[in-house]
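In: attaching a predicted model along with its sequence, questions to come.
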Amino acid sequence: MAGPSRYSPEMLAEYQRHWSAPTFTGYWDLNAKLYPEQEALVDARVRLTWSQLKQMMDRLALGLLELGMERDQVLVLQLPNWVELYLMRMACEKAGIMSLPALRTFRQHEMEYMCRHVEAAGVVIPWEFGGRDYYQMVRDIQPGLPSLKHILVVGDRVPPGTISVREMMERPLEQQFPPDHLESRRYRPDDIVLTTTSGSTGLPKVVEQPMGARLMYIRITNETLGMSSEDTVASFSPVASGPNSLVFIRCPVAGAKGVLLETFSAEEALQLVQRERVTLMGLVPAMLVMLVEHPNFSQYDLSSLRVIFCAAAPFPYEQMLEVQKRLPCPIVYGYGALDLGGGIMSSPQDPDGVRLGTVGKPHPAFTFKIVDEGGREVPSGEEGELLGSGPGCASGYYRDPEATRAAWGTEGWFRTGDLARWDGQGHLMIVGRKKEMIIRGGQNIYPIELENLLVAHPKVAGVAVVGMPDPVLGERACAFIVPRASQVFDFQEMVAYLRGQDLASFKLPERLEIRESLPYLSEVNKVDKRSLRQEIAQMLEDEARS
């Protein structure tokens, strides 16, 4: 059994009191009984009911066992936003196999590292997608990965020597086994599930979380969002966490219908919401801004929407207010991290000041505290690093005890790296990243403060503030800005605008770089500030030489 790595027996026993059945596949099975003919999952190619999904899921699970895959082996999934991404994860859970979703943008370097780290027994891929040959990539890395035996391919055409997922789903394997054959293999609440985080430091990390911990958090937040079997929920990118967890793991718990957008574009997302009468959707802030700023936005009927969930990146308060005015429903903003295991979310019933200006109050699955540099908890209203713990927290990094100890310490508090403060009424406010904080001559500059101010300027479409090295002061602030269409924005205008906001002089950016776009991390639409810091450092170095 693949259990939580950093829990002592006493901690596990305590946390198990908070976890309960059913597991994810238990919910899928239950929905197949309660709503057998109700549409459950829709993508660009198929529309499937709960009963159809259960049949396919069971056949895939039995097919994996027929391949000889053993309990707790790992199957890496690198798929677009197709129903097979969801079906394969649930099939693995039923078969007692660990699935590990990989970002679609991972290339040979990341995939080889990840498959080696988890000793992957197989991968599930499309042959080709988006002009990229996934099969050839896997064939190139396979000689250096002795554990990688199985290549499963999704699609109508599969390369010779690989296994067709479609054929596996069409074979009536359930007729060859007793109805309870999978029961002894099915994962339990204290078994772990795996996810990957691209982060900003290079190779991906593999995060492990007890299934019971994740489900506890999902049930609580589903209640906050009021999710039910009447909902139709949209997923806009193939990431099994963050905003897309609404479809991937929240829909089955609520019995809700999920609709998947294969590749995100604002136009296609608006079409999907109107066509499918979407009631709830999850996006990163950049996606939501792209929707409301699309020239055809007002032509679409979005009246079915009852709530929008935003997460995974900062969303400045003033910008949220402007976006909110154009929508027929409230925006709910959430905070979390894969490493943490979940997070905090405001409620649709909260007033704007709480819902858009904070990330809400912690729920019972988590305990948070804010500490200073010495590890001492700070009073409400003071800033410090946010730490998280409790029965809803992730249990570590898979097969990486050193990184696990570094992140959770000896007392089990995960260091988020985020700077935060309490607002005095128990709501949490995120003020920036500790690693992103710029220290100019001993004075702290929080990039998010400057970004929140600058993005409210009518000429600014996007902004990222990073530190640039300085031989005297240590660091200074540099602003990378994307102007709105046909707008000109220069350094003098930026400084004058910020001075008008009563900003302390030491916080003013001392360099402006205009760009047509900002770099983003993979498909999660987080600005890649690491690359921007490297870029400005190289520019300064080149200028010093010239």
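Out: Everything's here; your move. Residues are numbered from 1 along each chain as shown.
In: go through stretch 535-546 and flag the buried ones.
Out: Glu535, Ile536, Leu540 (16 or more other CB atoms under 10 Å). (Each C-beta comes from the backbone N, C-alpha and C, glycine too.)
In: OK, contacts around the residue lying closest to Met168 once chain neighbours are set aside?
Out: Distances taken as CB to CB, 6 or more residues apart in numbering put Gly63 closest to Met168, at 4.0 Å, once the chain neighbours are dropped. Contact analysis of Gly63 by CB atoms under 8 Å, 6 or more residues apart in numbering lists Ala91, Met168, Arg171, Leu173.
In: max pairwise distance over those: which two?
Out: Farthest-apart pair in the contacts of Gly63 is Ala91 and Arg171; separation 13.1 Å (CB to CB).
In: compare these two and say which one has the larger neighbour count.
Out: Remark: of Ala91 and Arg171, Ala91 carries more neighbours, 29 against 15, as counted by other CB atoms under 10 Å.
In: the more buried one looks like it's in a helix, true?
Out: Yes. Assessed with DSSP: H, G, I helix; E, B strand; the rest coil, Ala91 lies in a helix.
In: who's in contact with the spatially closest residue to Glu411 that is not a sequence neighbour?
Out: Closest residue to Glu411 apart from its sequence neighbours, by CB to CB, 6+ apart: Ser389 at 8.0 Å. Residues near Ser389 by CB under 8 Å, 6+ apart: Phe366, Thr367, Phe368, Glu411, Gly412, Trp413, Phe414.
In: show me which pair in these is furthest apart.
Out: Spatial extent of these (CB to CB) is set by the pair Phe366 and Glu411 at 15.3 Å.
In: out of those two, which sits in the more crowded spot?
Out: Neighbour count, other CB under 10 Å: between Phe366 and Glu411, Phe366 has more, with 23 against 8.
In: okay, that one: pLDDT?
Out: For Phe366, the model assigns a pLDDT of 79.
In: and for Ser229?
Out: As predicted, Ser229 sits at a pLDDT of 95.
In: swap in the one 5 residues further on?
Out: The pLDDT attached to Ala234 in the predicted structure is 95.
In: what residues are up against it?
Out: For Ala234, the contacting residues are 246-247, 258-261, 269, 272-273, 276, 278, 280-282, by CB under 8 Å, 6+ apart.
In: next up, the contacts around the closest residue to it other than its chain neighbours.
Out: Spatial nearest neighbour of Ala234, excluding adjacent residues (CB to CB, 6+ apart): Met281 at 4.0 Å. For Met281, the contacting residues are Val233, Ala234, Phe236, Leu246, Val273, Leu305, Ile308, Phe309, by CB under 8 Å, 6+ apart.
In: again with Arg157
Out: Trp127.
In: how about 10 Å then?
Out: Pro126, Trp127, Glu128, Ser164, Arg166 (CB atoms under 10 Å, 6 or more residues apart in numbering).
In: need the three-state assignment for the residue nearest to Lys361 when sequence neighbours are not counted.
Out: Closest residue to Lys361 apart from its sequence neighbours, by CB to CB, 6+ apart: Gly426 at 5.0 Å. Here Gly426 is coil, with the state taken from three-state DSSP.
In: list only buried entries from the contacts of Met281.
Out: For the contacts of Met281, buried by 16+ other CB under 10 Å: Val233, Ala234, Phe236, Leu246, Val273, Leu305, Ile308, Phe309.
In: how close does the closest residue to the fifth one other than its chain neighbours sit to Val292?
Out: Pointing back at Val273 there. The shortest distance from Val273 to any non-neighbouring residue, by CB to CB, 6+ apart, is to Leu302 (5.6 Å). Shown here: Leu302 relative to Val292, a distance of 10 Å by CB to CB, to the nearest Å.
In: who has more neighbours out of those two?
Out: Taking other CB under 10 Å, Leu302 and Val292 do not tie; Leu302 has more neighbours (20 against 17).
In: residues contacting the more buried one?
Out: Here Leu302 is in contact with 270, 273-274, 277-278, 281, 291-292, 308, 326-329 (CB under 10 Å, 6+ apart).
In: now the residues you listed as CSV including pLDDT and distance to Met11?
Out: Below are the contacts of Leu302 laid out as CSV (pLDDT from 0 to 100; distance: CB to CB, whole Å):
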residue, pLDDT, distance to Met11
Leu270, 97, 47
Val273, 97, 43
Gln274, 98, 48
Arg277, 98, 45
Val278, 98, 40
Met281, 94, 37
Leu291, 93, 43
Val292, 92, 45
Ile308, 95, 36
Arg326, 94, 47
Leu327, 95, 43
Pro328, 95, 45
Cys329, 96, 40
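In: can you tell me which of these are in helices?
Out: Those of the contacts of Leu302 mapping onto helices are Leu270, Val273, Gln274, Leu291, Val292, per DSSP state H.
In: switch these over to JSON lines; also include distance to Ala407.
Out: As requested, those are exported to JSON lines (distance: CB to CB, whole Å):
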{"residue": "Leu270", "distance to Ala407": "39"}
{"residue": "Val273", "distance to Ala407": "38"}
{"residue": "Gln274", "distance to Ala407": "43"}
{"residue": "Leu291", "distance to Ala407": "35"}
{"residue": "Val292", "distance to Ala407": "37"}
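In: from those residues, which two are the most distant?
Out: Spanning the widest gap among the ones in helices among the contacts of Leu302 are Gln274 and Val292, at 14.5 Å by CB to CB.
In: related to what we said a few turns ago, now do the shared contacts for Ala91 and Arg171.
Out: Arg59, Leu60, Leu62, Gly63.
In: from memory the third one sits against Leu173, does it?
Out: So the one you mean is Leu62. Yes. In terms of CB atoms under 10 Å, Leu62 counts as a neighbour of Leu173; the distance is 4.1 Å.
In: list the contacts of Cys92.
Out: Going by CB under 10 Å, 6+ apart, Cys92 touches 25, 57, 60-61, 64, 69, 73-75, 77, 98-100, 124, 187, 193-194.
In: show the buried residues in those.
Out: Among these, the ones that count as buried by 16+ other CB under 10 Å are 25, 57, 60-61, 64, 69, 73-75, 77, 98-100, 124, 187, 193-194.
In: can you flag which of the residues you listed belong to strands?
Out: The strands, defined by DSSP state E, take in Val74, Leu75, Leu77, Met98, Ser99, Leu100, Val124, Val193, Leu194 from those.
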